[in-house]
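# Can you look at this prediction? I've put the sequence above it.
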Amino acid sequence: MPERTQAPPRKFRRLGIGAALTLLLAGICILTAALVHESWQRTSDKNANDLVKEINSRIADTVAGNLQQVLTNATASQEALRTVFYQDVIRITNEAKREFVFLSLLQSQPSISWVAFGWPDGHFFGARKDADEGIRMVEVKHGQPSPYANQLRIDSYQPIPGDIQFLDRALSSSPFRAYDQDWYKAADQSDQPVWTEYRDTPLGAQPGIAISSKLVVYGHYLGIMMVGIDLDRLARFLTALKVTRHGRAFILAPGNKVLSASEIGSAAGGWHDLGAIKDPLAGAIATAIARDKLDLGNMPAPRNVAVMGSMENINDYVTFTPLPFRHWVIATVIPAEDILGDIPAATKRLYMLVVGLVALVSVLGALVSLRLISRPIAGIAAQMHRIEHFHLEDLSYRPSRLRELDELSRALKLMGTGLSAFRKYLPADLVEILIREGIEAKRGGRTQPLTVLFTDLAGFTGLSEAMPDRIIEILGDHLDFMSRIVAAHAGTVDKFIGDSVMAFWNAPTSNPQHALSACKAALACRAAFRDSMAGMEAAKTGKIGLRIGVNSGETLVGNIGSSERLNYTAIGDAVNVASRLESLNKRYGTEILIGESTATEAGDALVLRRVDKVAVYGRRGGLNVYELLGVAEEKPALGDLAWIERYHAGFERYLHRDWDGAIALFEEADHLRGRDEPARRMILRCRRLIDQPPPADWDGTDTAESK
């Protein structure tokens, strides 16, 4: 079996030399710039990170100190208030003095928002300092009868230098009860002051934190004292705090809650979901938490996160610092531009410079390599490709400024000149296919299904005698168009035997429809021959005809011959039968006969007429022989084919020994077609069988006594 050379697998896309040299030069430039940039970038990143840590440390200390001061002031205020009432300096039931103490405490502590007291029956009294520094006295009473059923009293005051001015009083009702509030419940269950968060107040939702404790005087439990700080005040403080030119600090709580003031997009100050805050800096915090999977409720130490944007550029530096209060965390967000300054612009200019340098070097390298290397090598490669396919007509010497390429081009020209002399003696098309299929020139073959075609010129001897001076030219033209037709139908010309042609399909190139392709080639050969036949008959040498035989079957195909000389050919019974079918055309007066296996392989794609069952010369057993009339898609052009049915019916009568019935049907077929040579020959055979009946074991097979 011919060995096929295994081409190495292509792991990478092949590049031209010019492209490779251009990429090499560009790569060197990019690598050099990258090394310089990497060193510079490392230093820049280190300096930026150190600066971020320093700024964050300062901001965290400031926020933590401010928060601690607020908490300390609130704790001290609560203790002072507790002392006043505990020592019975002022009784909690004394409304006038109680209001005076609450007002004084609010004015002395700017960070405090509420000073309040709650009774066990749900009564509430408190002083509230608003954002505009106005003060409101709020009292909620419960009980019967009216007017103390859920009564809400609000007295508004406005501080003035050295005094406080009463503005108005508003009365309404409120379901607010002190003992329902978290600050009340927590203090009620503890013997120490406790910190809690609250949201509901008699004035509505006002989120805040509160420190509260029990008030017990002389063993009597009176209620719960509370000092509250609005979260909105803390958020406003953070909003006003300058971290950097565009940076800002946030307070976060577990559950990805952020403390926000009303100025930065919230409906009200307090805790809000981080993802709901429409703020790019808050978005940077959310990105950092999601990317590093941070747990705000369990953060033992500060954490620095660089939030990347497109192309891995740092957009923001985010630092998380835990606070020693309710698992709160300070998050500082510093845009990279505040830290890096002109560094991004300088980096962009560096990138542009590198791109420009790479482009310039690449263009120059491409021009030089194209002129000196790529173009000459491409020309040499094209010539070698033509030599590979035995196209030797257009080979030329292509001088080059590079000595090695110049010598290679000269050697190729000489090689082409030498090979061109042998091309005429070789089947160049077949050699080209064998090279393309990777079949080495070694003895061997394999058995596979093929379809084989033989052609022969009828009357060629008379033509040779009549036109001896032109016979070479005429025969050459005939063999040339026959070869082109075979090649056009994906066939392989095996050899020329005088005026005959042998060709086959499905080797060396695979063709699943080899039978149909061979039959189409046979029809095309007949049509081309008819067009050229007029010139041959002009010499008045008698009628010139073309006979074609086609057969399919398992065939040994490969390199057959000696170790010194090989022929890529096919041998076997299928080949012999194809040759005999070509000869049988003379016996039946037909032009194209195909074997039963070819008819079966092609199926309904062909228009066929079963001619006979014949035992060809040199082969035992009969085989059905078919005349190829055309292809199915061109059936309308064949005219009325009723004569085929008459012939087939007559042949069935013939097989059943009904000689008279067969003769009648064969005569109808001959009449309908105008003249049908196989029908006339079958009529003569039937009359002979009437005179000399066949033996009892006769199965209709006729024997061809000659090739």
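Cool, got the structure.
# buried set for the helix or strand where E601 lies?
Assigned by DSSP states H and E, E601 falls within helix 596-602. Neighbour-count burial for helix 596-602, counted by 16 or more other C-beta atoms under 10 Å, picks out 596-599, 601-602. Any C-beta I mention is one placed from the backbone N, CA and C, and that applies to glycine too.
# any idea which helix or strand comes after that helix?
As the chain continues past helix 596-602, the following element, by DSSP H and E, is strand 606-615.
# Can I get that following strand in PDB, CA atoms only?
What follows is strand 606-615 as a C-alpha-only set of coordinates in PDB (Å, rounded to 0.1, in the frame of the first residue of the first chain):
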ATOM      1  CA  LEU A 606     -28.800   7.700 -14.600                       C
ATOM      2  CA  VAL A 607     -31.000   6.900 -17.500                       C
ATOM      3  CA  LEU A 608     -30.100   3.300 -18.500                       C
ATOM      4  CA  ARG A 609     -31.300   0.600 -20.900                       C
ATOM      5  CA  ARG A 610     -30.500  -3.000 -19.900                       C
ATOM      6  CA  VAL A 611     -29.000  -4.400 -23.100                       C
ATOM      7  CA  ASP A 612     -28.100  -8.000 -22.400                       C
ATOM      8  CA  LYS A 613     -26.800 -10.600 -20.000                       C
ATOM      9  CA  VAL A 614     -23.400 -11.600 -21.300                       C
ATOM     10  CA  ALA A 615     -20.300 -13.600 -20.200                       C
END
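# Output the contacting helices and strands for that strand.
If contacts are counted by 3 or more C-beta pairs under 8 Å, 6 or more residues apart in numbering; DSSP states H and E, strand 606-615 sits against helix 573-588, strand 623-631, helix 642-655, helix 677-691, strand 702-703.
# Could I get the average pLDDT for the helix or strand hosting A76?
Assessed by DSSP H and E, A76 sits inside helix 17-86. The average pLDDT for helix 17-86 rounds to 72.
# Tell me the buried residues in the helix or strand just after it?
For helix 17-86, the following helix or strand on the C-terminal side (DSSP H and E) is helix 95-108. In terms of neighbour count (16+ other C-beta under 10 Å), helix 95-108 has its buried residues at 98-99, 101-103, 105-106.
# Give me the buried positions along stretch 521-531.
521-526, 528-529.
# and those, which two are the farthest apart?
A521 and F529 (12.3 Å; C-beta to C-beta).
# where do the strands sit along the stretch 101-250 of the chain?
Under the criterion DSSP state E, counting those that start in this stretch, strands of the stretch 101-250 of the chain are mapped to 114-118, 124-129, 135-141, 151-160, 163-173, 194-201, 204-217, 220-230, 248-253.
# among those, which is nearest I544?
Shortest distance between I544 and those, using C-beta to C-beta, is found for strand 248-253: 102.3 Å.
# Point out where the stretch 251-400 of the chain drops to low pLDDT.
When residues are selected by pLDDT under 70, those of the stretch 251-400 of the chain lie in 261-269, 308-313, 340-348, 350-351, 358, 362, 365-366, 369-372, 374, 386-395.
# can you point me to the longest strand in the protein?
When the chain is scanned for its longest strand (criterion: DSSP state E), the result is strand 545-561.
# So for it, mean pLDDT?
Strand 545-561 carries an average pLDDT of 92.
# Determine how far it lies from the middle of the whole chain.
With C-alpha atoms, centre = their mean, to the nearest Å as the basis, strand 545-561 stands 48 Å off its chain's centre.
# Which parts of the stretch 201-350 of the chain are helices?
231-240, 280-292, 336-340, 343-369 (DSSP state H, counting those that start in this stretch).
# residues touching the closest residue in space to K257 that isn't next to it in sequence, list them.
Take K257 and drop its neighbours on the chain: the residue closest to it by C-beta to C-beta, 6 or more residues apart in numbering is W271, 4.4 Å away. W271 makes contact with 207, 231, 253, 257-260, according to C-beta atoms under 8 Å, 6 or more residues apart in numbering.
# And for D316?
Going by C-beta under 8 Å, 6+ apart, D316 touches 281, 284, 306-307, 333-336.
# That one: what's its closest spatial neighbour, skipping adjacent residues?
Closest to D316 by C-beta to C-beta, 6+ apart is A284, at 4.0 Å.
# what's the distance between the one you found and M299?
The spacing between A284 and M299, counted by C-beta to C-beta, to the nearest Å, is 17 Å.
# of the two, who's got more company?
Per other C-beta atoms under 10 Å, whichever of A284 and M299 has more neighbours is A284, with 21 against 17.
# hang on, the more buried one packs against V333?
Yes. Shown here, A284 and V333 form a contact pair, counting by C-beta atoms under 8 Å, at 5.2 Å.
# ok, and S464, which helix or strand is that part of?
Using DSSP H and E, S464 falls within helix 460-466.
# helices or strands next to that helix in the packing?
Against helix 460-466 (3+ C-beta pairs under 8 Å, 6+ apart) you get helix 471-488.
# Who are the packing partners of the helix it packs on?
Where contact means 3+ C-beta pairs under 8 Å, 6+ apart, helix 471-488 is packed against strand 444-458, helix 460-466, strand 492-497, strand 500-505, helix 514-537.
# That one versus helix 514-537: what angle between them?
160 degrees (axes from the mean of the first three to the mean of the last three C-alpha atoms, to 10 degrees).
# Residues in contact with helix 471-488: which ones?
Residues contacting helix 471-488 (C-beta under 8 Å, 6+ apart): 429, 453, 455, 457, 463-464, 467, 492-493, 496, 499, 501, 503, 521, 524-525, 528-529, 532, 535-536.
# I'd like the distance from that helix to the chain centre, please.
That offset, for helix 471-488, works out to 50 Å (C-alpha atoms, centre = their mean).
# And for stretch 646-660?
Distance, centroid of stretch 646-660 to centroid of chain: 66 Å (C-alpha atoms, centre = their mean).
# Alpha carbons of that stretch, as CSV, please.
Provided in CSV are the C-alpha atoms of stretch 646-660 (Å, rounded to 0.1, in the frame of the first residue of the first chain):
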residue,chain,number,x,y,z
ARG,A,646,-40.6,-2.1,-25.0
TYR,A,647,-37.0,-3.3,-25.1
HIS,A,648,-37.1,-4.3,-21.4
ALA,A,649,-40.4,-6.2,-21.9
GLY,A,650,-38.9,-7.9,-24.9
PHE,A,651,-35.8,-8.9,-22.9
GLU,A,652,-38.0,-10.4,-20.2
ARG,A,653,-39.8,-12.5,-22.9
TYR,A,654,-36.4,-13.5,-24.2
LEU,A,655,-35.4,-14.7,-20.7
HIS,A,656,-38.6,-16.7,-20.5
ARG,A,657,-38.0,-18.4,-23.9
ASP,A,658,-40.9,-16.6,-25.5
TRP,A,659,-39.0,-15.9,-28.7
ASP,A,660,-41.9,-14.7,-30.8
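# tell me which residues in that stretch are buried?
646-647, 649-651, 653-654, 659.
# now do stretch 163-179
174, 176-179.
# I'd like those as TSV, with pLDDT and distance to A290 appended.
Shown next, in TSV, are these (pLDDT from 0 to 100; distance: C-beta to C-beta, whole Å):
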residue	pLDDT	distance to A290
S174	88	42
F176	92	39
R177	92	41
A178	90	41
Y179	92	41
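# Closest one of the residues you listed to L241?
Minimum distance to L241 across the buried residues of stretch 163-179 is 33.7 Å, recorded for F176 (C-beta to C-beta).
# So that closest one versus A116, what's the distance?
11 Å.
# which neighbours do those two share?
Counting by C-beta under 8 Å, 6+ apart, the residues touching both F176 and A116 are F124.
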